[in-house]
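Student: no sequence on this one, just coordinates:
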């Protein structure tokens with residue numbers, strides 16, 4: 001029988017693993033809209049660095065969105081709740097898929113994970129659900145099962161507007177969402193030419209209104225969006241500063257996002273490399289997998 005503590009950790013892991021995937025890949029649909037200053041970026045390397053910021057980012061959006069997969073390394077801090085790092089491969093050709101190893105390095109999430117005997121877990125992302133592999137201590141409290149399945153439909157029902165937004169983002173994600181946010185804000189500037197891990201890049205920066213852009217970058221209903229905005233306001237989320245670094249192939253190689261929460265500062269940094277890498281992910285064995293929905297319906301043991 002699942003203990004109250006293990007159930008609470010399961011809820012926390014649901015949020016944290018999903019946020020890690022979204023933070024690493026940052027996503028929505030990649031239709032890109034239209035812009036009179038866009039330019040298509042075809043046929044040339046380094047198109048972005050020679051165009052106006054808006055036109056350059058249109059080229060970056062198209063190139064990065066069409067790459068379909070990449071190696072990802074990321075770090076994320078969300079106030080006192082958690083700090084974590086993640087690395088692995090993610091694909092976005094048909095919804096978010098891939099594998100990440102997530103390590104909690106601080107905050108209440110790390111404390112909870114330590115009490116389960118580990119601070120690291122494996123996350124597998126598939127189009128309709130993601131899976132978190134917990135430690136042996138968790139398995140002792142869950143009938144010997146090491147994995148938890150989080151179906152996106154269940155998360156949407158559980159979390160109201162934020163759950164619906166999480167489902168939308170997880171199922172329609174690409175790493176060029178940061179580019180889209182900057183384009184939608186209209187507040188973007190070219191900072192200059194910089195080296196990122198030895199690679200020549202162009203640095204762009206801007207500030208976005210989180211609540212407004214959540215509506216522009218998702219497929220939420222009016223009621224879901226209103227609920228999400230209320231939750232964002234309660235969390236103290238208002239504006240976010242986004243910086244991106246783009247290489248000579250008009251591909252995103254680094255992005256940072258910074259903002260403020262009621263519980264402290266929020267920041268994330270991600271590096272992208274090896275675009276087009278093969279992404280292979282399998283659903284864990286059913287016999288070793290507990291369903292998040294069932295865990296939430298189980299009577300607590302204490």
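Tutor: Yep, it's here. Only a predicted model underlies this, so the values are computations on that prediction, with no experimental measurement involved.
Student: What residues does residue 103 make contact with?
Tutor: Shown in contact with residue 103 (Cβ atoms under 8 Å, 6 or more residues apart in numbering): 84, 85, 86, 119, 120. Where C-beta positions appear, they are placed from N, C-alpha and C, glycine not excepted.
Student: So which residues make contact with the helix or strand hosting the third one?
Tutor: When secondary structure is defined by DSSP states H and E, residue 86 falls within strand 82-91. Outside of strand 82-91, the residues that reach it under the criterion Cβ under 8 Å, 6+ apart are 16, 20-21, 24-25, 68-77, 96-110, 123, 125, 175, 274, 277-279.
Student: Listing partners with orientation, what would you give for that strand?
Tutor: strand 69-78 (antiparallel), strand 97-106 (antiparallel) (DSSP bridges).
Student: Skip ahead from the last one and say which helix or strand is next.
Tutor: It stands for strand 97-106. From strand 97-106, the next helix or strand downstream (DSSP H and E) is helix 107-115.
Student: tell me what that following helix is packed against?
Tutor: helix 4-25, strand 82-91 (3 or more Cβ pairs under 8 Å, 6 or more residues apart in numbering; DSSP states H and E).
Student: Out of those, which gets the lowest mean score?
Tutor: The stretch with the lowest mean pLDDT among the helices and strands packed on helix 107-115 is helix 4-25, at a mean of 60.
Student: now the next helix or strand after that helix and strand 69-78, what's the angle there?
Tutor: Reading on from helix 4-25 to the C-terminus, the next helix or strand found by DSSP H and E is helix 53-65. Angle of helix 53-65 versus strand 69-78, following axes from the mean of the first three to the mean of the last three Cα atoms, to 10 degrees, is 120 degrees.
Student: What mean pLDDT does helix 53-65 get?
Tutor: The model assigns helix 53-65 a mean pLDDT of 90.
Student: Stretch 110-117 now?
Tutor: The model assigns stretch 110-117 a mean pLDDT of 81.
Student: and what of stretch 270-288?
Tutor: 95.
Student: Can you name the residues in contact with it?
Tutor: Against stretch 270-288 from outside (Cβ under 8 Å, 6+ apart): 23-24, 26, 64, 67-74, 89-91, 97-99, 124-126, 131, 133, 144-147, 149, 175, 196-197, 251-256.
Student: Of those, keep whichever come out buried.
Tutor: 23-24, 26, 64, 67-74, 89-91, 97-99, 124-126, 131, 133, 145-147, 149, 175, 251-256 (16 or more other Cβ atoms under 10 Å).
Student: Next, format the contacts of residue 103 as CSV and append neighbour count and distance to residue 184.
Tutor: Putting the contacts of residue 103 into CSV (neighbours: other Cβ atoms under 10 Å; distance: Cβ to Cβ, whole Å) gives the following:
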residue, neighbour count, distance to residue 184
84, 27, 27
85, 17, 28
86, 23, 26
119, 18, 36
120, 14, 35
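Student: want to throw those residues into CSV with distance to residue 58?
Tutor: Below are the contacts of residue 103 laid out as CSV (distance: Cβ to Cβ, whole Å):
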residue, distance to residue 58
84, 32
85, 31
86, 29
119, 41
120, 39
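Student: you'd agree residue 150 is in a helix?
Tutor: No: read with DSSP: H, G, I helix; E, B strand; the rest coil, residue 150 is strand and lies in no helix.
Student: what's the neighbour count on residue 268?
Tutor: By other Cβ atoms under 10 Å, 24 other residues sit near residue 268.
Student: Equivalent analysis for residue 93, please.
Tutor: So residue 93, with other Cβ under 10 Å, has 13 neighbours.
Student: Surely it and residue 69 touch.
Tutor: Yes: applying Cβ atoms under 8 Å as the test, residue 93 and residue 69 come out as touching, 7.1 Å apart.
Student: pLDDT weak spots in the chain?
Tutor: Along the chain, segments meeting pLDDT under 70 span 1-51, 159-165, 169, 171-173, 210-221, 224-225, 227-237, 298-302.
Student: Just the buried positions in stretch 255-265, please.
Tutor: In stretch 255-265, counting by 16+ other Cβ under 10 Å, buried: 255, 256, 257, 258, 259, 260, 261.
Student: where along the stretch 101-250 of the chain do the strands fall?
Tutor: 120-126, 129-133, 147-151, 188-196, 199-209, 239-246 (DSSP state E, counting those that start in this stretch).
Student: Run me through the strand neighbours of the fifth one, direction for each.
Tutor: Translated: strand 199-209. strand 188-196 (antiparallel), strand 239-246 (antiparallel).
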